[in-house]
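Asks: Everything below, folded, please.
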Amino acid sequence: MSTPKPPIPITLLTGFLGSGKTTLLLSLLAQLPTPPPRLALLKNELGSLPVDSILTGQSALAGTKELLNGCLCCNLVGSLEDGLRELLEGSRDEKGEYGLDRIVIETSGSALPATLVVELRRVCAVLNNAVEVEGVISVIDCENWTGYADRSYTAKLQAEFTDLVVLNKWEDGGERKVDEVRDRLGDVLKEDVPVVKSNYGWVDVSLVFGIEGKKGQEIEGSVLPHEREGHRHGSHEQEVDVLNVGLPVEGEGTLDWEWWRENVLESAQKDETFRIKGWGLVREDGVTKKKMLNWAFGRWKTFDVDGERDEADKGVVGRFTFVLAKGEAPRWKYRLQKKLKTTKVVDGTGGAIQVDVVA
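Replies: This next block holds a predicted model:
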């Protein structure tokens with residue numbers, strides 16, 4: 001009689017907007033041995049653009065599933081089971097067995113991990129316990145967390161409901177900033193949870209994968225943190241606005257990246273703008289490139305990918321998702337429409353550009 005295979009462990013990676021979850025995940029993937037274990041990623045984004053998934057897609061993953069335009073613990077909660085099924089079914093080997101060694105679920109920056117674990121427990125049972133929640137990891141942006149934790153109960157609950165806290169982006173503030181965050185965490189954490197510092201987003205993979213977490217097993221029949229504090233399910237969605245911005249153009253124009261950087265990226269205030277993600281077609285050294293953008297709290301990184309337009313992107317030179325403080329969407333919409341209406345931001349054969357903003 002064959003020995004049944006153990007459940008495939010699920011690592012739940014949480015953290016507020018811009019905390020560095022994807023950077024941490026990339027550092028973990030880079031540390032996997034050769035040949036690497038078969039690891040699949042289920043990625044959730046509030047907006048419509050899978051920028052982080054493009055980054056992780058360049059790594060050695062056995063499968064990737066994107067869930068866009070919402071939050072896994074609220075309006076996309078029913079998609080979790082379908083997403084996991086798709087990853088599992090796509091991994092079957094010649095014997096018909098699931099071929100994954102681990103699944104990582106990277107949540108949106110607004111997800112409540114306790115609510116998500118409840119749903120995961122249900123899905124695990126439906127899938128005949130082929131998977132199980134191994135650990136919940138919370139990533140904290142030390143540079144900004146003490147500020148938005150004051151006005152975001154989601155950020156506090158993410159820090160509370162975890163098996164491991166990773167302190168990220170602490171280097172500029174030094175040990176003084178680390179001590180400040182640790183003091184604040186002492187008011188949030190209800191038990192002795194390990195806290196580690198990253199090294200510019202790097203943490204030893206053995207600390208994250210294989211952690212003997214308790215959060216995936218201990219919540220059955222208990223009161224969830226947000227219920228204890230009197231919050232209704234889904235109310236965290238009221239903390240942010242999301243704008244999906246398209247930049248249409250006639251012909252084969254490109255985005256004036258210098259104008260976009262000076263008039264949008266550098267002018268965005270981090271107390272009202274949490275994230276800007278997306279891509280723009282730019283012309284550099286006579287070559288058209290698709291430049292991906294990842295902006296968080298005043299800092300950003302770019303990387304180039306294949307500059308060819310996808311069929312769905314014909315007639316546009318850029319698409320961006322803005323994740324904003326609640327109430328900022330109307331002001332950003334007006335600001336973008338005004339700037340883009342009065343300024344030629346497309347070079348090449350394109351003409352004046354207009355912004356298409358969808359809340």
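Asks: Quick check: which ranges of the stretch 101-250 of the chain have low pLDDT?
Replies: Residues of the stretch 101-250 of the chain meeting the criterion pLDDT under 70: 148-151, 190, 212-238, 250.
Asks: all strands of it, in order?
Replies: Taking DSSP state E, counting those that start in this stretch as the test, the strands found in the stretch 101-250 of the chain are 102-106, 131-141, 164-168, 195-197, 240-248.
Asks: can you give me the helices for the stretch 201-350 of the chain?
Replies: In the stretch 201-350 of the chain, the helices defined using DSSP state H, counting those that start in this stretch lie at 205-208, 225-228, 257-260, 329-342.
Asks: out of those helices, which comes closest to P248?
Replies: Among the helices of the stretch 201-350 of the chain, helix 329-342 comes nearest to P248, with 10.3 Å by Cβ to Cβ. The C-beta positions use only the backbone N, C-alpha and C, and glycine is treated the same way.
Asks: And stretch 159-174, what's buried?
Replies: Of all the residues in stretch 159-174, those buried under the rule 16 or more other Cβ atoms under 10 Å are 159-170.
Asks: Domain-wise, how is the protein divided?
Replies: Domains of the chain are assigned by automatic domain parsing as 8-233, 239-358.
Asks: hang on, the earlier thing: so which of the helices of the stretch 201-350 of the chain gets nearest V317?
Replies: helix 257-260 (9.9 Å).
Asks: tell me which residues in the closest one are buried?
Replies: The neighbour-count check on helix 257-260 (16+ other Cβ under 10 Å) flags 257, 259-260 as buried.
Asks: wait, which of those residues is closest to L61?
Replies: Distance to L61, by Cβ to Cβ, is smallest for W257 among those, at 29.4 Å.
Asks: how close does the closest one sit to T162?
Replies: To T162, W257 is 38 Å away according to Cβ to Cβ, to the nearest Å.
Asks: distance of the residue nearest to V181 when sequence neighbours are not counted from L26?
Replies: Excluding its sequence neighbours, the residue lying closest to V181 (Cβ to Cβ, 6 or more residues apart in numbering) is C142, at 4.9 Å. Using Cβ to Cβ, one gets 19 Å for the distance from C142 to L26.
Asks: who's more crowded, those two?
Replies: When C142 and L26 are compared for neighbours, C142 comes out ahead with 23 against 17, by other Cβ atoms under 10 Å.
Asks: Can you report how many residues lie near the nearest residue to L255 once chain neighbours are set aside?
Replies: Nearest residue to L255, sequence neighbours excluded (Cβ to Cβ, 6+ apart): G280, at 3.9 Å. Residues lying near G280 (other Cβ under 10 Å) number 22.
Asks: List the beta-bridge partners for G280.
Replies: Assessed by DSSP bridges, G280 has beta-bridge partners K291, G318.
Asks: on that earlier part again, distance of the residue nearest to V181 from G63?
Replies: Between C142 and G63 the computed distance is 32 Å (Cβ to Cβ).
Asks: before we move on, what about G318?
Replies: 29 Å.
Asks: who's more crowded, those two?
Replies: Higher neighbour count among G318 and G63: G318, with 26 against 18, using other Cβ under 10 Å.
Asks: G135 against D163, yeah?
Replies: Yes: taking contacts as Cβ atoms under 8 Å, G135 lies within contact range of D163: 4.5 Å.
Asks: if I read this right, L84 contacts A130, doesn't it?
Replies: No: counting by Cβ under 8 Å, L84 does not reach A130; the two are 9.0 Å apart.
Asks: Show me which of the two is the more surrounded one.
Replies: Between L84 and A130, L84 has the larger neighbour count (other Cβ under 10 Å), namely 24 against 17.
Asks: Show residues contacting the helix or strand harbouring that one.
Replies: Assigned by DSSP states H and E, L84 belongs to helix 79-89. When contacts are defined by Cβ atoms under 8 Å, 6 or more residues apart in numbering, helix 79-89 is touched by residues 8, 40, 42, 63, 65, 67, 72, 98, 100, 103, 116, 119-120, 123, 126-127, 130-131.
Asks: Show me what F303 is bridged to.
Replies: Beta-bridge partners, per DSSP bridges, of F303: M292.
Asks: Let me know how buried it is, in neighbour terms.
Replies: 15.
Asks: residues touching F274, list them.
Replies: The contact partners of F274, by Cβ under 8 Å, 6+ apart, come to 17-18, 109, 148, 240, 296-297, 323-325.
Asks: Any quick ChimeraX command for the buried ones out of these?
Replies: With 16+ other Cβ under 10 Å as the criterion, this ChimeraX line picks the buried residues out of the contacts of F274:
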select :17,18,109,148,240,296,297,323,324,325
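Asks: Among the contacts of F274, which one sits closest to T273?
Replies: Nearest to T273, judged by Cβ to Cβ, of the contacts of F274 is L324 at 5.7 Å.
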